[in-house]
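Engineer: take a look and give me a structure for this.
(2 chains)
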Amino acid sequence: MENQNFQKTIKEAIKNALKELGIEAGSVELEHPTLRQAQGKLGHGDYSSNIAMAIVSSGKGKGKREKSGTPLELAEAIKLKIACPPIASLLGDSRRENPLKILDRVEVAPPGFINFFLSKEALLQELYFALDTGEKYGSSKEGEGKRILVDHSHPNIAKRFGIGHLRSTIIGQAIIKLHKFLGWDVIADNFLGDWGTQFGMLIARIQNSKFKIQNCNSKFKNLTIDDFERMYVEFNQEAKDNPALMEEARMWFKKLEEGDSEAWEIWQHIKSISLVEFKRIWDLLGVEFDYIHAESFFEDKMAPVLKDAKEKGIAKEDQGALIVRIPGLETPLLLLKSDRATTYETRDLAAIRFWAREFKPEKIVYEVGVDQEFHFKQVFAVAEMLGYAKKEQLVHVKHGLYRLETGKMRTRAGQTVKLELILDEAIKRAKRLAESKFGYEAMKPRSDKAMTQDSSIASSLNSHSVASDEVAVAVGIGAIKYFDLSHHPSTDIVFDWEKMFALEGNSAPYLQYTHARCRSVLQRAGIFNFQFQISNLEPEEEAILRLFYHFPEVIQESAYNFSPNLLCNFLFELSQRYNTFYAAHRILDVSRSSIANSQSAFRLALTEAVANTLKTGLGLLGIQAPERM
RNA sequence: GUCCUCAUAGCUCAACGGAUAGAGCACAGGUUUCCUAAACCUGCGAUGAAGGUUCGAUUCCUUCUGGGGACGCCA
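Structural biologist: Sure thing, here's the model as predicted:
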């Protein structure tokens, strides 16, 4: 059984119709008009095309007008061609899919829309296909043979893993999973920030402080990542009044780059302490990397960059520093500072050079905040000047930042929010809610029937509480992830301690709950088959059927636009429709005597398809879907 | 100062240049002898201002107002 690919079939039908009408077709686009489900009516069709209007308006002044007429006339002409396929296709010309097979009807609406209504058979066919395909429904092979490298997370050593790094980590993870699902060869990398003048600051601070060590004494070993961040913040504040401090920091970073053993030893300790915390968070988030090519990894790979820049004649000495002037940009890119130490930009260039040679990816995607937009503009431009990569290959997926009411959270000003605290709190709240729900269930008077079915309350209590820790983690972490992912990547998010923990409404727990609800019904149904004959669909059933087949399209759009929020929207809407259906209709036959009853079978099929879709979709977002909650 | 970006309901967010601008939260009311009430139903409510392009503008262009960000020795 194959995916029917409604979009492709309809697009080709339109193209063929245009060809027969002797009209040059540009690209044909389809959209899903809004479904007015309240009345259970289709409104404007499952797909609609504005091609007639597009052609007429683009043909203006080119003498095409007489040929195509008004948008409405052209739309009618296209409709006739599609609704009355030529004899060739009726005689079995297999090169051409007869759109009538999937379409119930085609309508034209002013001022020139063509609306396509899928047939019930086609929708049921798609349902069968989804059930057959199971967890793979929505996947494709379109990315086969193509490789994409995604750089994400990259927290900075010696700074706490703040909420600012959540977006990069999570959006990056979703982009990675989406592309894998579409058949891409994905490399997940992490350009960990473990190099630069900031470490000069810390080394200077440690050297000059009470922490000053001889052969790494225990005092130093006890320092935590919080201590490092505090030192960093204090250092920056003091450096405002005392520029000599920055000089000292640069000096220490220079020594670090030159391999000074004292500097290197301190740096090593800072790094290993930080990584312990990062690892814990990555595990909790379920994030995995193929590589962690940290900035320090590129220390010995910068010399070729400098060499290339000099040979190409694009590097210039200026005020003691080595710079590259970029056409169209006022500010040059700094390859070497005036003390000849390297910069973040140089390391980024070395990374592009390395990635391009090592992996030969079609695209390199940076999941980094919008505040680094200018930085990447410079780096991408120079990377192209150096011949490392074409600009089109380099993508900066710039996410908006978490903001306080007062403005940007600045690490240097000590305004970050520690992610681990947020995750812990989310899990606690999820657990508290689960326990209160369970408490309510236990208090509820049970009917005799329920009593005999559940062998004992004690056993169900036990099994429930065993599961609840895992569920609480899935729900708590899921809530935080979904809160983040459901926003369009490029918008800023106002940090709201309460809203992040939402366990109802448009949230991961809502989707997870819907999934668990489906599984529960399916479990009660036991073994059944999906054979059914349906003569008429209830509006709530139809609403689900007319939405769920969007899933493969939504996945492609989410991946193509690097916008996981599109997938969030879809999953939420699907859940809403399922819950509406669930409240309005009974799925299992009340008597449980005739489970093979056609209607039950159909509703169970719907339930299974929705459950699978939710599970797959949540999985692509990096969110777990517990079997029960 | 220059450049980038954003402005949608009381709040937080959606909406390939399309049709009656969708949700969630909050608020008011209703739903459980019946498959999970973390649910469902009803109500309330919005495109910052002024022009322009278009058959059609929340979306594109200009100006204004108001947020946010970036602009060579942090990363």
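
Engineer: number of residues surrounding A:Gln186?
Structural biologist: Let me fix one detail, which is that residue A:186 is Val and not Gln. A:Val186: 22 surrounding residues under other CB atoms under 10 Å. The way it works is simple: take the backbone N, C-alpha and C, and place the C-beta from them, glycine included.

Engineer: one more: A:Ser436?
Structural biologist: When neighbours are defined as other CB under 10 Å, A:Ser436 has 10 of them.

Engineer: likewise A:Leu18?
Structural biologist: If you count neighbours by other CB under 10 Å, A:Leu18 ends up with 22.

Engineer: now do the contacts for it.
Structural biologist: A:Leu18 makes contact with A:Glu24, A:Ala25, A:Ile51, A:Ile55, A:Ile78 under the criterion CB atoms under 8 Å, 6 or more residues apart in numbering.

Engineer: test my guess that the fourth one contacts A:Leu74.
Structural biologist: Yes - with contacts defined as CB atoms under 8 Å, A:Ile55 counts as touching A:Leu74 at a distance of 6.4 Å.

Engineer: if we can go back for a sec, so which of the contacts of A:Leu18 belong to helices?
Structural biologist: A:Ile51, A:Ile55, A:Ile78 (DSSP state H).

Engineer: show me the contacts for the residue of the stretch 151-300 of chain A found nearest RNA strand B.
Structural biologist: Using CB to the nearest atom of the strand, the point where the stretch 151-300 of chain A gets nearest to RNA strand B is A:Gly196, with a distance of 2.6 Å. Applying CB under 8 Å, 6+ apart, we find A:Gly196 in contact with A:Phe253, A:Glu295, A:Thr343, A:Tyr344.

Engineer: kindly recompute the last result at 10 Å.
Structural biologist: Contact analysis of A:Gly196 by CB atoms under 10 Å, 6 or more residues apart in numbering lists A:156-157, A:249, A:253, A:256-257, A:295-296, A:341-344, A:347.

Engineer: which one of these is nearest to A:Gly476?
Structural biologist: Nearest to A:Gly476 out of the contacts of A:Gly196 is A:Asn156 (CB to CB; 25.6 Å).

Engineer: show the pLDDT at the closest one.
Structural biologist: pLDDT, A:Asn156: 89.

Engineer: so it versus A:Leu245, what's the distance?
Structural biologist: Counting by CB to CB, to the nearest Å, the gap between A:Asn156 and A:Leu245 amounts to 19 Å.

Engineer: pretty sure A:Phe530 contacts A:Leu604?
Structural biologist: Yes - the pair A:Phe530 and A:Leu604 qualifies as a contact (CB atoms under 10 Å) at a distance of 7.4 Å.

Engineer: more crowded one of the two?
Structural biologist: Ranked by neighbour count (other CB under 10 Å), A:Phe530 and A:Leu604 place A:Leu604 first, with 23 against 15.

Engineer: host element of that one?
Structural biologist: helix A:598-620 (DSSP states H and E).

Engineer: now check that helix, is it near RNA strand B?
Structural biologist: No - judged by CB under 7 Å from any atom of the strand, helix A:598-620 makes no contact with RNA strand B; its nearest approach is 7.8 Å.

Engineer: all helices for the stretch 151-300 of chain A, in order.
Structural biologist: Ranges of helices in the stretch 151-300 of chain A, per DSSP state H, counting those that start in this stretch, are A:164-181, A:197-208, A:218-221, A:225-241, A:243-257, A:261-285.

Engineer: most tightly surrounded among those helices?
Structural biologist: Stretch with highest mean neighbour count among those: helix A:164-181 (a mean of 24; mean count of other CB atoms under 10 Å).

Engineer: so the closest residue in space to A:Ile102 that isn't next to it in sequence is in which element?
Structural biologist: Counting by CB to CB, 6 or more residues apart in numbering, A:Ile102 lies nearest to A:Ala122, which is 4.0 Å off, once chain neighbours are set aside. Per DSSP H and E, A:Ala122 falls inside helix A:120-133.

Engineer: quick one: that helix to helix A:598-620, angle?
Structural biologist: What separates the directions of helix A:120-133 and helix A:598-620 is an angle of 60 degrees, with axes from the mean of the first three to the mean of the last three CA atoms, to 10 degrees.

Engineer: where does chain A have low pLDDT?
Structural biologist: Residue ranges of chain A with pLDDT under 70: A:1-3, A:25, A:35-43, A:58-68, A:84-100, A:209-221, A:404-416, A:438-467, A:590-596.

Engineer: gap between the nearest residue to A:Val108 once chain neighbours are set aside and A:Glu107?
Structural biologist: The shortest distance from A:Val108 to any non-neighbouring residue, by CB to CB, 6+ apart, is to A:Ala75 (4.4 Å). Taking CB to CB as the measure, A:Ala75 falls 9 Å from A:Glu107.

Engineer: out of the two, which sits in the busier spot?
Structural biologist: Remark: of A:Ala75 and A:Glu107, A:Ala75 carries more neighbours, 28 against 16, as counted by other CB under 10 Å.

Engineer: tell me which parts of the stretch 301-450 of chain A are close to RNA strand B?
Structural biologist: A:318-321, A:323, A:330-332, A:334, A:337-339, A:341, A:343-344, A:370-375, A:401, A:403, A:406-408, A:412, A:430, A:433-434, A:437, A:440, A:447.

Engineer: now, of the residues you listed, which are buried?
Structural biologist: With burial judged by 16 or more other CB atoms under 10 Å, the buried subset of these is A:321, A:323, A:332, A:334, A:337, A:341, A:343-344, A:370, A:375, A:401, A:430, A:433-434.

Engineer: now the helix or strand containing A:Arg546: how far from the chain's centre is it?
Structural biologist: Take DSSP H and E as the rule and A:Arg546 turns out to sit in helix A:539-548. Between the centre of helix A:539-548 and the centre of its chain there are 25 Å (CA atoms, centre = their mean, to the nearest Å).

Engineer: list the buried residues in it.
Structural biologist: By 16+ other CB under 10 Å, the buried positions in helix A:539-548 come out as A:Glu540, A:Glu541, A:Glu542, A:Ala543, A:Ile544, A:Leu545, A:Arg546, A:Leu547, A:Phe548.

Engineer: that one: what's the following helix or strand?
Structural biologist: Following helix A:539-548 in sequence order, the next helix or strand is helix A:551-560 (DSSP H and E).

Engineer: can you show me the strands along the stretch 1-150 of chain A?
Structural biologist: In the stretch 1-150 of chain A, the segments counted as strands under DSSP state E, counting those that start in this stretch are A:47-49, A:103-109, A:113-118, A:147-151.

Engineer: just send these back as JSON lines, with distance to RNA strand B too.
Structural biologist: Formatted as JSON lines, the strands of the stretch 1-150 of chain A follow (distance: least, CB to the nearest atom of the strand, whole Å):
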{"stretch": "strand A:47-49", "distance to RNA strand B": "3"}
{"stretch": "strand A:103-109", "distance to RNA strand B": "4"}
{"stretch": "strand A:113-118", "distance to RNA strand B": "3"}
{"stretch": "strand A:147-151", "distance to RNA strand B": "13"}
